[in-house]
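A.B. asks: Quick one: sequence and predicted model below, then my questions.
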Amino acid sequence: MEDFIKKIKQELKNNKLANIFCRSLYDGFIMSFQGTILCCNQNLADIFGYKEEELEGAEISILFPDIPKRERKKWFEKEDAIIKGRKKDGRDCIVRIRGKVVNYKGKKLQFFAIQDLTEAENYRQIIKESEERYRVLTESLLDGIFLTDLEGNIIYANPGALEMFGFKDIKEAQKKSFFDLALPQFIERVKTDFKLISSGKGEFLVEYQVRDVKGTSFWVEAIGSRTVFGKRESNLICLRDITERKLAEESLRKMQGRMKKVLEETVSALSRTIAEKDPYTSEHQRRVSKLACAIAEKMGFLSDFVDGLRIASILHDIGKIYIPGEILSAPRPLTDIEMALVRLHPVKGYHILKDIDFPWPVAKIVFQHHERFDGSGYPEGIDDDNILLESRILAVADVVEAMSSHRPYRDALGIESALKEIETKKGLCYDEKVVNTCKELFKMGFRL
């Protein structure tokens, strides 16, 4: 056998053309006789991690230890086979092998061309596993998933989508365009968003009203993205039925509307109560509310904050209903005892309002509207950050309106005197930002 191997190698070496051809093959190449490797090319050695000289004279079973000898004979009975081989380091590899038997000087030589498929096979396995995970994921989701082509024709729908729209099976869904599912008033919007998805810019939540195969309409929340499905450019659309949420939101809006109406009626009733006793105080509260809300809006606060401040401002002197009318309308400076009674009105107002379930701290705002930054205010003498921001705004608006308006015991001092007062005491008694905003409003033409 050794002599025969040497003879074959020598003849191959002498035949330069055959030698060049063997070594230039892209595939691995083996020549064997009775299961013994006579020669191979470098590509074959590289596939299995050997050197050429290590393989020459070795049994071919070294490369395919898991393949019985009788199976190897079958390799020559068909054009090719895909089998598992073994590298020198013990790792498995997947190869395509093509065999041919040639009679040479009375002996049957086997020629093999071997192509390494390990990477391709690994890639196919990854894709297969990925597709399987994708299938399991999409089919287990309760949300509806559609895959469409770029024109909107449905390619795939998961069970969630089929059930959501009442399709019997995927074939029925594939007869539809995604646009067929939208109600007429939403079709143009869907088409616009579809173009954004197709251009890779559509990954945002949108809401549409759609209909099932029976024509029953319902609301969905949708998000889409560009993808590739079966080598086709496609759009992936995920849908969630939000009909119950929409109904709940509508019910909540109606409830909030009714609550707002009740709240406004409550505030109006309380405001009328003080107006019947002291028309001056009622008008003062209205004008203070106008200025306080303008300051808050100018400072950039949201509407919810402004709404709470508006109600607190309208009611900030509600506690004065406990003060005798002759004191409120006295055309003279008040005595110390009378002033002590007047100074109780924030406390009285707090007790009137504290049990009303406002969505804002109205009672506390009213309680603090005569507190001052330096602690010189009343009823508790708190200072700085202990005073609510709404109360700081209300304090400035209250002083400006009171000084610029007529009082029973004095004529109006005018807006210039009022603005000078808050400017002199800003940072001491009044919030500096609130004062600056108030002054800017009047500079811009605000009128009480």
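C.D. replies: That came through, no problem.
A.B. asks: Residue 89 and residue 49, how far apart?
C.D. replies: 6 Å (Cβ to Cβ, to the nearest Å). All C-beta atoms are positioned from the backbone trio N, CA, C, and that covers glycine.
A.B. asks: so where is this protein shaky, pLDDT-wise?
C.D. replies: Within the chain, the segments meeting pLDDT under 70 span 1-26, 72-79, 120-142, 202-203, 256, 259, 262, 275, 277, 409.
A.B. asks: remind me, longest helix of it?
C.D. replies: helix 243-277 (DSSP state H).
A.B. asks: I'd like the next helix or strand past it.
C.D. replies: Using DSSP states H and E, the helix or strand that directly follows helix 243-277 along the chain is helix 279-298.
A.B. asks: Return the list of strands paired to the strand or helix carrying residue 235, each annotated with direction.
C.D. replies: Here residue 235, judged by DSSP H and E, is contained in strand 232-241. Using DSSP bridges, strand 232-241 pairs in its sheet with strand 144-148 (antiparallel), strand 217-229 (antiparallel).
A.B. asks: shouldn't residue 207 be in contact with residue 240?
C.D. replies: No - between residue 207 and residue 240 there is no contact under Cβ atoms under 8 Å: 9.9 Å.
A.B. asks: what residues are shared contacts of these two?
C.D. replies: Counting by Cβ atoms under 8 Å, 6 or more residues apart in numbering, the shared contacts of residue 207 and residue 240 are 220, 221, 222.
A.B. asks: Of all the residues in the longest helix of the chain, which ones are buried?
C.D. replies: 246, 263, 267, 270, 271, 274, 277 (16 or more other Cβ atoms under 10 Å).
A.B. asks: Let me know the closest of the residues you listed to residue 317.
C.D. replies: Distance to residue 317 across the buried residues of helix 243-277 (Cβ to Cβ) is lowest for residue 274, with 6.7 Å.
A.B. asks: if we can go back for a sec, which positions within the strand holding residue 235 qualify as buried?
C.D. replies: In strand 232-241, counting by 16+ other Cβ under 10 Å, buried: 234, 235, 236, 237, 238, 239, 240, 241.
A.B. asks: And it, how far out from the chain middle?
C.D. replies: Put simply, strand 232-241 sits 17 Å off its chain's centre (Cα atoms, centre = their mean, to the nearest Å).
A.B. asks: For it, C-alpha coordinates in PDB please.
C.D. replies: What follows is strand 232-241, C-alpha atoms only, in PDB (Å, rounded to 0.1, in the frame of the first residue of the first chain):
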ATOM      1  CA  ARG A 232     -39.600  41.100   1.000                       C
ATOM      2  CA  GLU A 233     -39.600  44.600   2.200                       C
ATOM      3  CA  SER A 234     -42.600  44.700   4.500                       C
ATOM      4  CA  ASN A 235     -44.400  46.700   7.200                       C
ATOM      5  CA  LEU A 236     -45.000  45.200  10.700                       C
ATOM      6  CA  ILE A 237     -48.100  46.600  12.300                       C
ATOM      7  CA  CYS A 238     -49.000  45.800  16.000                       C
ATOM      8  CA  LEU A 239     -52.500  46.600  17.200                       C
ATOM      9  CA  ARG A 240     -54.100  46.600  20.600                       C
ATOM     10  CA  ASP A 241     -57.800  46.800  21.200                       C
END
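A.B. asks: quick one on the thing from earlier: among the buried residues of strand 232-241, which two are most distant?
C.D. replies: 234 and 241 (22.8 Å).
A.B. asks: From residue 195, how far out is residue 205?
C.D. replies: 17 Å.
A.B. asks: same check, this time on residue 385
C.D. replies: 52 Å.
A.B. asks: which of those two has more neighbours?
C.D. replies: A direct count of neighbours by other Cβ atoms under 10 Å for residue 385 and residue 195 places residue 195 higher, at 12 against 9.
A.B. asks: what about the more buried one, is that helix, strand or coil?
C.D. replies: helix (DSSP: H, G, I helix; E, B strand; the rest coil).
A.B. asks: check contacts around it.
C.D. replies: Counted by Cβ under 8 Å, 6+ apart, residue 195 has zero contacts.
A.B. asks: distance of it from residue 398?
C.D. replies: Applying Cβ to Cβ to residue 195 and residue 398 gives a distance of 56 Å.
A.B. asks: Quick one: the strands in the protein, in order.
C.D. replies: Ranges of strands in the chain, per DSSP state E, are 28-33, 36-40, 81-86, 92-104, 107-116, 144-148, 154-157, 206-211, 217-229, 232-241.
A.B. asks: who does the fourth one pair up with?
C.D. replies: Strand 92-104 sits in its sheet next to strand 81-86 (antiparallel), strand 107-116 (antiparallel), going by DSSP bridges.
A.B. asks: Other residues contacting that strand?
C.D. replies: Taking Cβ under 8 Å, 6+ apart as the rule, strand 92-104 contacts 28, 47-48, 75-76, 79-87, 108-118, 121.
A.B. asks: Mind listing what's buried along that strand?
C.D. replies: Buried, per 16+ other Cβ under 10 Å, within strand 92-104: 93, 94, 95, 96, 97, 98, 99.
A.B. asks: Kindly report the same for the third one.
C.D. replies: Within strand 81-86, the residues that qualify as buried by neighbour count (16+ other Cβ under 10 Å) are 81, 83, 85, 86.
A.B. asks: picking that back up, got the buried residues of strand 232-241 as CSV, with distance to residue 350 columns?
C.D. replies: Output for these, formatted as CSV (distance: Cβ to Cβ, whole Å):
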residue, distance to residue 350
234, 64
235, 60
236, 58
237, 56
238, 52
239, 52
240, 47
241, 48
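A.B. asks: Return the member of those nearest to residue 293.
C.D. replies: Using Cβ to Cβ, the buried residues of strand 232-241 come closest to residue 293 at residue 240, 39.8 Å.
A.B. asks: Break the chain down into its structural domains.
C.D. replies: 2-117, 141-241, 258-443 (automatic domain parsing).
A.B. asks: Can I get these in TSV including distance to residue 252?
C.D. replies: Converted to TSV, the domains of the chain look like this (distance: least, Cβ to Cβ, whole Å):
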stretch	distance to residue 252
domain 2-117	61
domain 141-241	15
domain 258-443	10
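A.B. asks: Could you export the strands paired with strand 232-241 as TSV, including mean neighbour count and distance to residue 38?
C.D. replies: Compiled in TSV, the strands paired with strand 232-241 are given as follows (neighbours: other Cβ atoms under 10 Å; distance: least, Cβ to Cβ, whole Å):
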stretch	mean neighbour count	distance to residue 38
strand 144-148	23	54
strand 217-229	17	48
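A.B. asks: Among the ones you listed, which comes closest to residue 319?
C.D. replies: strand 217-229 (48.5 Å).
A.B. asks: okay, the angle between the closest one and strand 206-211?
C.D. replies: 110 degrees (axes from the mean of the first three to the mean of the last three Cα atoms, to 10 degrees).
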